[in-house]
Each structure stands twice: as C-alpha cells, then as structure tokens.
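Asker: whatever this is, show me its structure:
(2 chains)
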2 protein chains.
Amino acid sequence: MTLATTETTTEFSLPDIQAAAARIDGIVRRTPLLESARLNDRIGGRLLVKAECLQHTGSFKFRGAYNRLAAMDPKTRARGILAYSSGNHAQGVARAAQMFGVPATIIMPRDAPAMKQRNTAEYGATIVLYDRHGESREEIGRQIAAEQGLTLVKPYDDPLIMAGQGTSGLECAQQCAALGAVPDVALAPTGGGGLMAGFSTAMKAAFPDLQLFAVEPDGYDDMARSLHTGTRVANVATPASICDAIMTPEPGELTFPVNRRTLTGGLTVSDGEVRKAMADAFAELKIVIEPGGCVALAAVLSGRLPVAGRTVVVVASGGNVDPALFADILAQAS
Amino acid sequence: MTLATTETTTEFSLPDIQAAAARIDGIVRRTPLLESARLNDRIGGRLLVKAECLQHTGSFKFRGAYNRLAAMDPKTRARGILAYSSGNHAQGVARAAQMFGVPATIIMPRDAPAMKQRNTAEYGATIVLYDRHGESREEIGRQIAAEQGLTLVKPYDDPLIMAGQGTSGLECAQQCAALGAVPDVALAPTGGGGLMAGFSTAMKAAFPDLQLFAVEPDGYDDMARSLHTGTRVANVATPASICDAIMTPEPGELTFPVNRRTLTGGLTVSDGEVRKAMADAFAELKIVIEPGGCVALAAVLSGRLPVAGRTVVVVASGGNVDPALFADILAQAS
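Answerer: A predicted model of the protein is given here:
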C-alpha cells in the first residue's frame, strides 16, 4: 500500500500538468495575475495574486474536473459521473459534465453555502445532501456509484485532478516571467492538497528556489502538522470556521507525497484575518474571494508570513460566497 | 472653432489607438474578457464582459492618463499635472504622475466617494475639493494651473486620452477573435464619451457590422439625445444617482463627433437596475463593479436592450465603490 502510493505519486510531475494544459486549452480560462500598488506598499514587497475566483464556476476546481472528464473513455463517461464536495468541486464537476452532455450526481453537505448548492443544481446535476457530522460521504458515494454504474471523480486524490489544478501554476509561472518577476515565496489555500500538489509542482519547475507554503484555517492545520512530522496526520477537533471550502480532515494519500516534496511548510489564519483580507481584495483588487479561497492572501496581509522585500505569489482559489456573508464582512470593514 | 474641432476629431482613428497601445505596453494591465454560462443562459445569448474594473487604479481611466503623461515633453511634465475628476480620472492621473515621479493636483467634488478621495491622496496627489453644485471645476482648474505652471490633463476631451481608453477596445477585439466570437452589439458606460470614442473606434475597425450603444443613468441621457438630434445637448435636470462616475453635463466637444460616427444610439438605466446588475456581477463573475461602471451590464441584464440570440460585449468600466454601499446592495439582493 505504501509502496503503491509512492510509485503513483513519484510519477506525478511537470509533463502530467503540461498534458492537462493541452487537454483543457481554449476551455479553461487563463485567469489574470493581479497586482495592487497600494498592497505592495503596505507589505513592503511585491504581491501577485492569481485570481482563480475568476475561473469558470468561480474556482480552480473546474480545471481538474474538466481535465478528468476529458481524459475518460467516452462510453464510461456517458454512463455518468459521481462526486462529493462541499461545493466548489461540485460546481466544477457539474459544469464539466454539462459541457460533455453526461449526467452528474453530487453529494454535498447539508450546510454547504446556499449559493454553491443552487449553482450546482443549475449546472444540471442531481444533488444528494448528507450530514457532515453524522454520515460518511465516501460511503454514500460508493453505494450510489455501484447502484448506478457511475464513475467517481474524487476531489483531489487523483493524478488527473492534481494535473488539472496544476495548470494554474503553469500559467502563473508564465505570467510571472512576463512581468520579469522571480517569486521568492508562494502560498495557496490547502484542503486535501490537490491544488497545492499541482500548483507547487509547476511553480517549482519554473522557479527552483521558490519557497511554498500551504495555508489552512486555524484548527485545520493537518497539512502543516503532516509536513512537520513527515507523515499524514488528521485534524483532531473540527472547530467552526467560515472557510467551508478547505475544512478537510487530513492530507490526501496521493497529494501528500507530492506536497511533502515541494513545500517548505504550512501556516494557519483566523476567520478574522480572512474577513479582513476579503475586504482588502474587494477594495484593492476588485475581486470577490470566498473565505476558504482567501486564506493565502490573509496569511500575507496579516503578517503571519514576513514578506518585506520579497516577491510573493498567492492563489485566490475561489469566489463562491453567499452575498449576505460578504455584505456582513464589508459592513464590518467600513 | 467648428472647423478646428472637425479637423482634430476626423484625425482620430485606429492608428492613434495603436500608438497608445505601444506607449502603454507592459504598464497597463490587459484585463480579462469574462463570461458566465449562467448569465448566457439567462439572456439567451452570449455575454462577454470586459473587466476594466480590474485595471490598475480600479478603472479604465489609468489607460488614458498614462498615455497622456507618457506622450508629454518630460520638462513640461516635471512641472506638474492638474486634473479635475469625480474620482476615477483622479486616481488614474495621480497614479500615472506618481509613476513618472511628478507632482499632481486633483480637483474633486466634495461629495465624491470616500474611497476615491482617499485613494487619490494615497497615490501622492494634492486634492482640492469643490462644491459640485455651486462652483466651476474648470474655473478653479484654470486658476491653479496658471498660478503653478501645471499642465491640465482633461478627463475626456483630448485625443491622447481617447486613444489611451481605446486600447481597451483593441484588446477586446483581439480577445473576441481568440474566442471565435463576432460580437453583434457592444455597450459601454458613457459620461463625457472618452472611453466610448476610443473603444468604439477600435471595435468598429475589427467588426465593421458591430452596433454600439452608449449607456447612461436615467436623467443623464445627454449622449442619447445628442446622438438622436445630431448635435450636442446638455442634461437639463441633475437628479440624484448612485452612478457618480458618469454624471457629466454633456458630451465632449472632441468625443462627440467620433461617437456620432461610430454609435448606433444611447440607452439609459435606473439605479435599481444598476444595483441588481452589481449583485449579479458579484454572484456570477466574481468582480466588483461600481455603479457608474455597471450601467452597460445593467442595460443587458434588465432587458432594456433585447439580446436573445446575439453576442454582446459590455464594458465594466470601474470598480471603485465604497464598501458600505456595496454591502447594502448585496444585503438587499440576498
């Protein structure tokens, strides 16, 4: 088991991401790398924000989902897709399935943001709700998949998903080069670690001296502790957090060996720091970032990572936030 | 006087915009052309949104300001710049002056949004406030310019400003072509008409059959009426509006002959339609658009312009909106 895992993940490298980039070319949006003179002044460095909230379906998840479905055998794909997700992977898979004209069933927690549930349904998917605290989404998923002959598209523990997410890093490296910027450090929001595995692999290939940090919500520092101990450890408590997109129990089995190879470490941020960073992104970048998508920006703007004199890349990984919460955050900030 | 105007504006054409594009290359951001599957479904057509709110300083105004300053004699420029503006031109000029290391004085209405005043000051400009209803900004400007030897950078009635703003249209035409999209109709927010003069000239050069519409707030339909009558007419009343960026008294002397040549007509929208469109841009595009920057999108989403079966481009021209107003709009929408 350990051996198989190692073999699979050792194989994951830049060519996988390049193959994904070719597969999704013209479908996935090349998101902008944004910069604000005033944010640069504030941190005393150079801050570049990869705005994946502007991706189709409002998060990077569409990259992996489309790549996964595009690589499937058409007959298998036509029988239908199954996914479980707190909302962003749900929307990415639902939209990709819609584009391929195949049915999708999505298992979502009952407390997922209303916007994410509604959007997933509007992309034509069938939604099955479950209780995040009492039921196992994996168990529900296995049962439905077996009954209906559907193919499970996992949220992160899949090389094709990691490769798809990694295309954001390929683009980002090209965009840095076009700006003449050599990033010293890069941070990305981290749940299961799929985005980070792909992003870090692509960025590290372009900038070998780059330091990379996973960012998680306070209380969900499974990746930080796993990197520290060198082995996958799970979160103990599951405190309340507004960062619904990245409240995952532990690093992925396939993503962790990759992240262990590429990352320098992990950081956490509080909900309060995330709220402030969301208001700053509104004011200075004019983009909508959801809480879980804003933890990397929050780590920089809150000073949790010292960045003076350095060039810093952060991924803003999603923008699917309910308007009432966003309004509350802006009202508090103003 | 009439002859001189005609001569100047007849000369304004695609090569001016191409020259501006070369001058601002690498400085001005290439803003994305966004699209939402769900908004397309809603209008029954294809909607492409040129997100100029993501431009440096949060609006297209930086394009023209930088182009104007870049084309100046360096000695003249070093003596300093003067501008009057409700806020977006102010920020564009202040930031461009800061980048060239020259002083800027900006005359702003006392009731300009707090964010616009603060940002302009933070770009290092000296701000002079005036009363929008009782004082003439042109008169105040002339006096300060004469006393201090400053060069006035007008907000729209200047071929270099029009050309700079037009680079958004050049980009947009290239982006449409890359998507394989041939737009049937394009709309842009219109105050003095500088953006529209440049944008329409560039887009019409690429797509000769394109229909172009200026969009204004209800009560500020000076451009629509001027296009209808064929001669510049001013607004009579000045009703309250949240669209501070485009509450101009009449079309520009130099911009109008250009717009008369390129535009099909003008449309207006209500504050309520603008608020709804801002909430839609938040939810579906993940961008922050200010009221005045959102009138073109509002014209499409409200159905003021029938667009079923057509490919429509709208410019989202700015994103500098106070958080309290944005929060109020989201709270009402949710």
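
Asker: okay, now A:S136: neighbour count?
Answerer: 11 (other CB atoms under 10 Å in any protein chain shown). For every residue, glycine as well, the C-beta is placed using N, CA and C.

Asker: how about A:R30?
Answerer: Count around A:R30 with other CB under 10 Å applied: 16.

Asker: A:V49: which element?
Answerer: Taking DSSP states H and E as the criterion, A:V49 maps to strand A:46-51.

Asker: and if you look at A:A83?
Answerer: Counting by DSSP H and E, A:A83 is part of strand A:81-84.

Asker: what do you get for A:R23?
Answerer: With DSSP H and E as criterion, A:R23 is part of helix A:14-24.

Asker: that helix and chain B in contact?
Answerer: No - Helix A:14-24 lies out of reach of chain B by CB under 8 Å from any CB of the partner chain, never closer than 15.0 Å.

Asker: do the same with stretch A:322-332
Answerer: Yes - Stretch A:322-332 is in contact with chain B by CB under 8 Å from any CB, via A:322-324, A:326-328, A:330-331.

Asker: after the strand holding A:V49, which helix or strand is next?
Answerer: Following strand A:46-51 in sequence, per DSSP H and E, is helix A:61-70.

Asker: who's in contact with that next one?
Answerer: A:20, A:23-24, A:27-28, A:55-56, A:77, A:81, A:83, A:85, A:88-89, A:91-93, A:95-97, A:99-100, A:102, A:153, A:155-156, A:158, A:160-165, A:167-168, A:194, A:198, A:318 (CB atoms under 8 Å, 6 or more residues apart in numbering or on different chains).

Asker: how about the residues of the stretch 1-150 of chain A near chain B?
Answerer: Residues of the stretch 1-150 of chain A lying near chain B (CB under 8 Å from any CB): A:29-32, A:34, A:37-38, A:53-54, A:56, A:58, A:95, A:98, A:115, A:119, A:122-123.

Asker: drop anything exposed from these.
Answerer: A:29-32, A:34, A:53-54, A:56, A:58, A:95, A:98, A:115, A:119, A:123 (16 or more other CB atoms under 10 Å in any protein chain shown).

Asker: biggest separation within these, which pair?
Answerer: A:L34 and A:Q98 (28.6 Å; CB to CB).

Asker: which intervals of chain A have sub-threshold pLDDT?
Answerer: Residues of chain A meeting the criterion pLDDT under 70: A:1-10, A:334.

Asker: re earlier: buried ones only from the contacts of helix A:61-70, please, as a ChimeraX command.
Answerer: The ChimeraX selection below is limited to those of these classed as buried (16+ other CB under 10 Å):
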select /A:20,23,24,28,55,56,77,81,83,85,88,89,91,92,93,95,96,97,99,100,102,153,155,156,158,160,161,162,163,164,165,167,168,194,198,318
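
Asker: mind checking which of the contacts of helix A:61-70 land in helices?
Answerer: A:20, A:23-24, A:77, A:88-89, A:91-93, A:95-97, A:99-100, A:160-165, A:167-168, A:194, A:198 (DSSP state H).

Asker: for A:G141, what are its contacts?
Answerer: Here A:G141 is in contact with A:82-84, A:107, A:152 (CB under 8 Å, 6+ apart).

Asker: bridged to the nearest residue to it once chain neighbours are set aside, which residues?
Answerer: Of all residues not flanking A:G141 in the chain, A:Y84 sits nearest, at 5.1 Å (CB to CB, 6 or more residues apart in numbering or on different chains). Counting by DSSP bridges, A:Y84 forms beta bridges with A:I107.

Asker: thought A:F213 was touching A:D184, still the case?
Answerer: No - look at A:D184 against A:F213 with CB atoms under 8 Å: they stay out of range, at 11.5 Å.

Asker: what about those two, which has more around it?
Answerer: A:F213 (26 against 17).

Asker: surely that one is in a strand?
Answerer: Yes - counting by DSSP: H, G, I helix; E, B strand; the rest coil, A:F213 is part of a strand.

Asker: who are the contact partners of the nearest residue to A:H89 once chain neighbours are set aside?
Answerer: Leaving aside its chain neighbours, A:H89 sits nearest to A:P155 (4.3 Å; criterion: CB to CB, 6+ apart). Neighbour list for A:P155: A:61, A:83-85, A:89, A:161, A:191-192, A:194 [criterion: CB under 8 Å, 6+ apart].

Asker: and which of these is nearest B:V295?
Answerer: When those are compared against B:V295 (criterion: CB to CB), the nearest one is A:K61, at 32.5 Å.

Asker: state the distance from that closest one to A:P189.
Answerer: Separation of A:K61 from A:P189 (CB to CB, to the nearest Å): 12 Å.

Asker: can you check A:L14 too?
Answerer: Counting by CB to CB - A:L14 and A:P189 are separated by 22 Å.

Asker: with A:L285 instead?
Answerer: For A:L285, the distance to A:P189 - CB to CB - is 16 Å.

Asker: wait, doesn't A:S302 sit right on A:K276?
Answerer: Yes - here A:S302 lies in contact with A:K276, judged by CB under 8 Å, at a distance of 7.1 Å.

Asker: mind checking which of these two has more residues around it?
Answerer: Counted by other CB under 10 Å, A:S302 and A:K276 do not tie: A:K276 has more neighbours, with 20 against 16.

Asker: sec struct for the more buried one, please.
Answerer: Assignment for A:K276 (three-state DSSP): helix.

Asker: that one against A:L330, yeah?
Answerer: No - look at A:K276 against A:L330 with CB under 8 Å: they stay out of range, at 11.2 Å.

Asker: now do the shared contacts for those two.
Answerer: By CB under 8 Å, 6+ apart, no residue touches both A:K276 and A:L330.

Asker: list the residues that contact both of A:K61 and A:P189?
Answerer: With CB under 8 Å, 6+ apart, A:K61 and A:P189 have common neighbours A:G318.

Asker: okay if I get the residues of stretch A:322-332 next to chain B as CSV plus secondary structure and neighbour count?
Answerer: Output for those, formatted as CSV (DSSP: H, G, I helix; E, B strand; the rest coil; neighbours: other CB atoms under 10 Å in any protein chain shown):
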residue, secondary structure, neighbour count
A:D322, coil, 17
A:P323, helix, 20
A:A324, helix, 16
A:F326, helix, 26
A:A327, helix, 23
A:D328, helix, 15
A:L330, helix, 26
A:A331, helix, 16
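
Asker: tell me which residue lies farthest from the centre of chain A.
Answerer: Of all residues in chain A, A:E147 has its C-alpha farthest from the mean position, at 29.8 Å, by CA atoms, centre = their mean.

Asker: does that one sit in a helix, a strand or a coil?
Answerer: helix.

Asker: please name the nearest non-neighbouring residue to the residue of the stretch 101-250 of chain A found nearest chain B.
Answerer: Proximity of the stretch 101-250 of chain A to chain B (CB to the nearest CB) peaks at A:E122, 6.1 Å away. Nearest in space to A:E122, with sequence neighbours left out and distances taken as CB to CB, 6+ apart, is B:R38 at 6.1 Å.

Asker: ok, that neighbour touching A:R118?
Answerer: No - B:R38 is beyond contact range of A:R118, at 10.0 Å (criterion: CB under 8 Å).

Asker: what residue spans form the domains of chain A?
Answerer: A:2-59+A:158-333, A:62-152 (automatic domain parsing).

Asker: deepest of those, which one?
Answerer: domain A:2-59+A:158-333 (a mean of 22; mean count of other CB atoms under 10 Å in any protein chain shown).

Asker: centre of the chain versus that one, how much separation?
Answerer: 7 Å (CA atoms, centre = their mean, to the nearest Å).

Asker: and the residue of the stretch 151-300 of chain A that's closest to chain B?
Answerer: Counting by CB to the nearest CB, the stretch 151-300 of chain A gets nearest chain B through A:K286, at 3.5 Å.

Asker: ok, that residue to B:Q165 distance?
Answerer: Distance from A:K286 to B:Q165, by CB to CB: 18 Å.

Asker: many thanks, I have nothing further to ask.
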